[in-house]
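Q: attaching a predicted model along with its sequence, questions to come.
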Amino acid sequence: MRSTWIKRSHEKRGKPPGTVIHVGEVHVLKPQVTCFVYSPEELRQTQLEENLEPFLSDHVRDDNRNTWLNIEGVNDVNIVKQVGAIFGIDSLTLEDIGDTGNRPKIVEFSNYVFIVIRSLSIDGVTGRLDPEQISLILGSNFLLTFCERQSPLFDPVIQRLRLSNGRIRNSGLDYLAYSLIDVVVDNYFAVIEKAADKIEAIEQVVTQGPSRSTLESIYRLKKDLLFLRKSVWPLREIGSRMINGDIAFINEKTKPYLRDVLDHSIHAIDTIETCRDIVTGLMDLYLTAISAKMNQVMKLLTIIGTIFMPLSFLAGWYGMNFKYMPELEWKYGYPAVMLVAFVTIISMLIVFKRRKWM
């Protein structure tokens, strides 16, 4: 069975550093490339085909306009290489873009800063976490974003970009990068909220009567929360580097907004840790409930066994094959034995009840 979270990278084994190979799931058959060229006065949105160079070469040199290139689908490494050649992106960066199993990180280069974050959503069919690596490359007059799939995640930012009097149009590309990261972080809270709903549902089942499937649900939720923590935790380092680091492509006016994203990230991490503690408590509660249920069964079996001990004694006593036993030929011997057995059972039940053993 293939792991959901571990990407297979045997294709890269033995390859030299900087070899661009796609590692991960193929989510789109044909990548979609959208270019936004904007200034406070105008916005041009263009859908690009496979040959990107003729169009992009005319815009990357324009310092009066900002260029945002959004690539949805990184399985076609030729497009990744084309973009890298046009914007002067290092081969090691392109390699990390193709490998979708990277840890979220930030790396500074002379002409750009490279950021890797992970977007998370809930699969509508399985109900499990569905991760997606998002790579951002921020330069002086360009922003490149590489997504694994086509999704409406960035639609709110695009809608704000279309507003001529909006802050995105009147700010630099660093503010656009902040806006994209902020959308990803806000989406974490939707995922955490659904995880909290699952915790409450499992908690009710555990307290009412757990089953084998309950343990499986707790274990799956624990794995999802662990992966969620691994995805969100590195954002503290990314946010701190962007705020406190001397990155030429980030304006001082944008840093207060980045601090807000950092605060949201820390809040998300704290909430995830709380959920993990609750799930650990649910595991203990499940084991306690199973143990209590087993104790109830053992108590019942013990009571039944204890009740049958004197009855077995009577049956064994009168089952002995002696010829001269006075009760064997007594007319009322059988009813007397039945009466003694019945009185014994009633007496033992009364004793068990008074001692609160049942």
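A: Good, I have the coordinates.
Q: residue 129 and residue 228 touch, don't they?
A: Yes - using Cβ atoms under 8 Å, residue 129 makes contact with residue 228 at a distance of 6.6 Å. Every C-beta, even on glycine, is put in place using the N, C-alpha and C of the backbone.
Q: who touches both of these two?
A: Counting by Cβ atoms under 8 Å, 6 or more residues apart in numbering, the common neighbours of residue 129 and residue 228 are 120, 191.
Q: please say which of those two ends up with more neighbours.
A: residue 228 (24 against 21; other Cβ atoms under 10 Å).
Q: immediately after the helix or strand harbouring the more buried one, which helix or strand?
A: Applying DSSP states H and E as the criterion places residue 228 in helix 212-232. Downstream of helix 212-232, the first helix or strand assigned by DSSP H and E is helix 235-244.
Q: pull out the buried positions in that next one.
A: 235, 238, 239, 241, 242, 243 (16 or more other Cβ atoms under 10 Å).
Q: tabulate those residues (a markdown table), appending distance to residue 43.
A: Output for the buried residues of helix 235-244, formatted as a markdown table (distance: Cβ to Cβ, whole Å):
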| residue | distance to residue 43 |
| --- | --- |
| 235 | 29 |
| 238 | 28 |
| 239 | 28 |
| 241 | 30 |
| 242 | 25 |
| 243 | 29 |
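Q: out of the residues you listed, the closest to residue 176 would be?
A: Relative to residue 176, the closest of those is residue 242; by Cβ to Cβ it sits at 13.6 Å.
Q: how far does the biggest helix by length in the chain sit from its chain's centre?
A: If you go by DSSP state H, the chain has its longest helix at helix 255-317. Distance, stretch centre to chain centre, for helix 255-317: 23 Å (Cα atoms, centre = their mean, to the nearest Å).
Q: which other residues reach stretch 262-271?
A: 182, 185-186, 188-189, 192, 229, 232-233, 235-236, 239-240, 243.
Q: what's around the nearest residue to residue 318 once chain neighbours are set aside, how many residues?
A: Computed as Cβ to Cβ, 6 or more residues apart in numbering, the closest residue to residue 318 that is not its neighbour in sequence is residue 337, at 6.6 Å. Using other Cβ under 10 Å, residue 337 has 17 neighbouring residues.
Q: same question, the one 10 residues further on
A: As a burial measure, the neighbour count of residue 347 was computed by other Cβ under 10 Å and equals 11.
Q: what's near enough to touch residue 161?
A: 36, 38, 43, 68, 168, 169, 176.
Q: what helices and strands are in contact with the helix or strand bottoming out on mean pLDDT in the chain?
A: Ranked by mean pLDDT, DSSP states H and E, the weakest helix or strand in the chain is helix 53-56, scoring a mean of 77. In terms of contacts (3 or more Cβ pairs under 8 Å, 6 or more residues apart in numbering; DSSP states H and E), helix 53-56 is packed against strand 43-48, helix 77-87.
Q: next SSE after the longest one?
A: Once helix 77-87 ends, the next helix or strand along the chain (criterion: DSSP H and E) is helix 91-98.
Q: that next one: how far from the chain's middle?
A: Its chain's C-alpha centre and that of helix 91-98 lie 25 Å apart, by Cα atoms, centre = their mean.
Q: if we can go back for a sec, check which helices and strands the helix holding residue 228 is in contact with.
A: Looks like helix 212-232 contacts strand 113-122, strand 129-138, helix 173-208, helix 255-317 (3+ Cβ pairs under 8 Å, 6+ apart).
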